[in-house]
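Trainee: Need a 3D model of the following:
(chains A and B)
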Amino acid sequence: MSRLAPGHRGCAGCCDAMAANFVLEAVGDDAIVVNPTGCLEVMTTPYPESSWEVPWIHSLFENTAVVAVGIEAALRALGRKGDTKVIAMGGDGATVDIGIRGISGAFERGDDITYVCIDNEAYMNTGVQRSGATPFNASTSTSPPGSQSFGNSRPKKNMPAIIVAHGSPYVATTSISYPKDMIRKVKKAVDIEGPTYIHVHAPCATGWRFDSSKTVEIGKLAVETALWPLYEIEDGEIASVRKVKKPKPVEEYLKAQGRFKHLFTMEGGKEEISKIQDIADWNVKHYGLL
Amino acid sequence: MSGKMTVVEGSYAVAHSVKVCRPNVISAYPITPQTHIVEDLSQFMADGEIPNCEYINVESEFSALSALIGASATGARTYSSTSSQGLELMHEVLFNASGMRLPIVMTIVNRAVSAPISIWNDHQDSISQRDTGWIQLYAENLQEMSDMTAQAFKVAEDKDVMLPAMVCMDGFILSHVFEPVILLEQELTDEFLPTYGPEHILDTSNPLSFGAFADPSAYTEFRYLQQKGMDVALGKIEKAAEDFKKIFGRYYGGLIEPYMAEDAEILLMAMGSVVGTIKDVVDKARSQGIKVGLIKVRTFRPFPVEAIHSAVSDAAIVVTLDKNISIGLNEGALFTEVKSCLYNSDISVPVMGFMLGHGGRDIPMSTIQMIIDKAAQAIKSGIKVESEYADLRGELL
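Mentor: Coordinates of the predicted model:
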């Protein structure tokens, strides 16, 4: 079973290390992994050390998908493809923001790669700046609350929907708090020919400001409040949804994290929380979570 | 010796050379701006003429080169072509390819960069990438371009070099012109160019990590070793030219090509297709008894310092012609670099620089003649203006 070798520089309770381990567990040794610049890359490969026991490459911040495409093409051209899986694994900024052009190209062309987005909802490696995947009203270093602001002014970009629109045969959301769900979906994704996509919700203790023992707990709350629905979309149709029988109020998720703390102290915060509840309610309805 | 001449477009000649070099992965974005190279390669692929090769139609030049980084690291021989804006868009990836020591070969169809928007030829695009760690070769005509492409693969992939290479040809003047060319024969190319088998690749049977993060304790040494690779490339470029001569019978000089240079008082220096025009003017001047010669610079990176030293040591004046400008310094790159490599040497020769042919402005023989006249005047009475445009239209200013 492949795992990240110990000794990497991840924080205590690091979501990236968990995500990488689950992906490696799912795909085994016959895989080549591509990372963009970011926490996972920095913490696993300080020269001359590496935590990777599968072939691994990092090129730049915004070209992860297409580096993977080049590897896959080379394996075919050189007659070395066999069952080898090529996995691109990037953070939310590298995926939904700066790297989206190359991802779009790969998915439009139908290249045989699996892209895993490890979404910790901001640029954590550089000091918690907001990304296109930062949730509504979250406080980050570039979306701070103030007299004119409650934090990040826009909801998360719906990247899975964008990938679905490219005609991908398999798109799934998952969470590091549900390892069995995640491993099953990654296994499924790599076994399907063509470009497949896994979007992993990944709570970051450092960036979201919660105790490092709570990573899994926070991830579960996101699912249990319906703020992060778990689903699979096959050939454009919803194929499975993880039911949330009795969604918890979003306050339970928000109050556990420093990045939403201001909503509980600022005047007008209550109304803002109700807008976040609306997002959860929309998810319940849209994905049929009940 | 090989032989049969065919009249083909410049882009086709290049595409053919790439084909017989047996690439494994080609990745290209056709526009910004467009040349026919990728269209010809696409046709070769459609006709099954390039075995063991994958062609990726990427969505941008940034991705064109990025895909080749993955492919090259996997052990594939890799190729792309671009031009102007496309090359500028690749800027970040250029450094990355070189820093990772991936011997990608790329044709640069030299064209002006925006603004103002222009599709015509000059060298601003590739010159502005000179510090990215890529070998840069410049071709005078289609035959040289055709042959240089194979030489570039050989040099770049040499285990002691392992650096990416740009092979530069002038936009339109070479890329879109039809000329008689001896297209590279497959059999001879196979003899000239060994198969690519790098030592370190992404391979599941021997997992390695590529692209690690280097802190201040190690970063400098990566850069130093890139320069070492460039130093080695100087000799390898000369060797590749000689090996090529043995097999194909054609030779253009190694790092530089001197033309009527030995006894020249006025020594012109230039790169690319303008060299052909200059040779005609030199011939004419020689017939009038004027001692003019030419150094064609084939290799701009690595910069051939020693070759230039020995070529210019007996001249009364060196005159560079540049299709580019360092805005803010008012000099073309060749001018700056030639001056720089002479300073602190024991060679004392004055150097004048002329910028010309920017944005596709035609360079007639009369412009070259005017430059020779100014150089002759400078020998007599000293250099009045060190660097200037040779073809400025004062009435537009």
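
Trainee: who's in contact with residue 145?
Mentor: Just going to use chain A. Listed by Cβ atoms under 8 Å, 6 or more residues apart in numbering or on different chains, the contact set of A:Pro145 reads A:139, A:151, A:262, A:266. (C-beta placed from N, C-alpha, C; glycine too.)

Trainee: not what I meant, chain B
Mentor: B:Met145 makes contact with B:10, B:13-14, B:17, B:139, B:167, B:169, B:174, according to Cβ under 8 Å, 6+ apart.

Trainee: Next one: it from A:Val116, what distance?
Mentor: 43 Å (Cβ to Cβ, to the nearest Å).

Trainee: What of A:Glu267?
Mentor: Taken as Cβ to Cβ, the span from A:Glu267 to A:Val116 is 41 Å.

Trainee: Of those two, which one has the most company?
Mentor: Counted by other Cβ atoms under 10 Å in any protein chain shown, A:Glu267 and A:Val116 do not tie: A:Val116 has more neighbours, with 29 against 7.

Trainee: Could you find the closest non-adjacent residue to B:Val58?
Mentor: Spatially, and ignoring its direct neighbours in sequence, B:Val58 is nearest to B:Ala64 (4.9 Å; Cβ to Cβ, 6 or more residues apart in numbering or on different chains).

Trainee: Ramachandran angles for the one you found?
Mentor: The phi/psi pair for B:Ala64 (degrees, to the nearest 10) reads phi -60, psi -50.

Trainee: circling back to that earlier point, out of the contacts of A:Pro145, who's the most crowded?
Mentor: Comparing the contacts of A:Pro145 by number of neighbours (other Cβ under 10 Å), A:Ser139 comes first, having 25 neighbours.

Trainee: Give me the below-cutoff pLDDT ranges for the chain.
Mentor: Using chain A. A:1-2 (pLDDT under 70).

Trainee: Switch to chain B, please.
Mentor: In chain B, residues with pLDDT under 70: B:1-2.

Trainee: Most proximal residue of it with respect to chain A?
Mentor: B:Gly70 (3.0 Å; Cβ to the nearest Cβ).

Trainee: What number of residues are in the vicinity of that residue?
Mentor: Per other Cβ under 10 Å, the neighbour tally for B:Gly70 reads 35.

Trainee: which SSE is the closest residue to chain B within the stretch 1-150 of chain A in?
Mentor: Nearest to chain B in the stretch 1-150 of chain A, going by Cβ to the nearest Cβ, is A:Gly70, at a distance of 3.0 Å. Assigned by DSSP states H and E, A:Gly70 belongs to helix A:64-77.

Trainee: other SSEs contacting the longest helix anywhere in chain A?
Mentor: Counting residues, the longest helix found in chain A (DSSP state H) is helix A:269-287. Using 3 or more Cβ pairs under 8 Å, 6 or more residues apart in numbering or on different chains; DSSP states H and E, the elements in contact with helix A:269-287 are helix A:250-254.

Trainee: and the helix it packs on, which residues are buried?
Mentor: Of the residues in helix A:250-254, A:250-251, A:253-254 count as buried by neighbour count, 16 or more other Cβ atoms under 10 Å in any protein chain shown.
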